[in-house]
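> coords below, sequence missing:
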């Protein structure tokens with residue numbers, strides 16, 4: 001299962017639904033964004049795979065019961081930094097987080113934050129001053145040592 005935090009228009013959720021054969025949960029703290037994400041998923045023909053609802057970060061009770069293989073988030077660096085512990089608890093061992101919305105200057109601090117919580121940098125993509133980070137979660141036994 002894929003989790004898209006801060007889905008906005010739903011573009012990452014839609015891309016995940018098209019790329020992977022698994023359900024996608026898309027959340028945003030803005031009810032209007034959730035409505036737009038649902039409309040866009042329907043237009044893209046993936047409304048059966050994408051389920052969107054209002055949630056603040058990973059605090060929603062439904063999200064606490066999930067164990068996604070992949071969490072994607074295209075939000076600002078500060079919220080990504082703050083959400084790191086919750087993402088570390090949520091994603092399956094061996095799973096991934098794909099983070100964007102980070103400037104090139106913020107990429108190393110964000111990477112270090114996630115590394116301190118049991119993630120390894122798998123790939124870093126830089127484009128026009130922006131960064132995307134793919135981080136893989138290590139074994140659960142080393143996660144909170």
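Nice, I can see it. Since this is a predicted model, take the numbers as computed values, not measurements. Numbering: from 1, shown residues only.
> partners of the residue most central in space within the chain in the sheet?
Centroid-nearest residue in the chain, with CA atoms, centre = their mean: residue 72, separated by 2.3 Å. When bridges are called by DSSP bridges, residue 72 pairs up with residue 4, residue 98.
> Against residue 55, how distant is it?
Going from residue 72 to residue 55 by CB to CB, to the nearest Å gives 15 Å. Every C-beta, even on glycine, is put in place using the N, C-alpha and C of the backbone.
> quick one on the thing from earlier: on the pLDDT front, check the residue nearest to the centre of the chain for me.
You'll see residue 72 listed with a pLDDT of 98.
> Check whether it really touches residue 12, as I assumed.
Yes - counting by CB atoms under 8 Å, residue 72 touches residue 12, with 4.7 Å between them.
> which neighbours do the two share?
Counting by CB atoms under 8 Å, 6 or more residues apart in numbering, the residues touching both residue 72 and residue 12 are residue 4.
> And the strands in this protein?
For the chain, the strands defined by DSSP state E occupy 2-5, 24-28, 50-54, 70-74, 96-103, 119-127, 130-137.
> and residue 81, which of those strands is closest to it?
Nearest of those to residue 81, taken as CB to CB: strand 96-103 at 9.4 Å.
> And the pLDDT for the closest residue to residue 63 other than its chain neighbours?
Ranked by CB to CB, 6 or more residues apart in numbering and with sequence neighbours excluded, the top spatial neighbour of residue 63 is residue 55, at 6.1 Å. If you check residue 55, the pLDDT there is 96.
> ok, the residue lying closest to residue 92 once chain neighbours are set aside - contacts?
Using CB to CB, 6+ apart and skipping residues adjacent in sequence, the residue nearest residue 92 is residue 67, 4.9 Å away. Contact partners of residue 67, counting by CB under 8 Å, 6+ apart, are 1, 90, 91, 92, 95.
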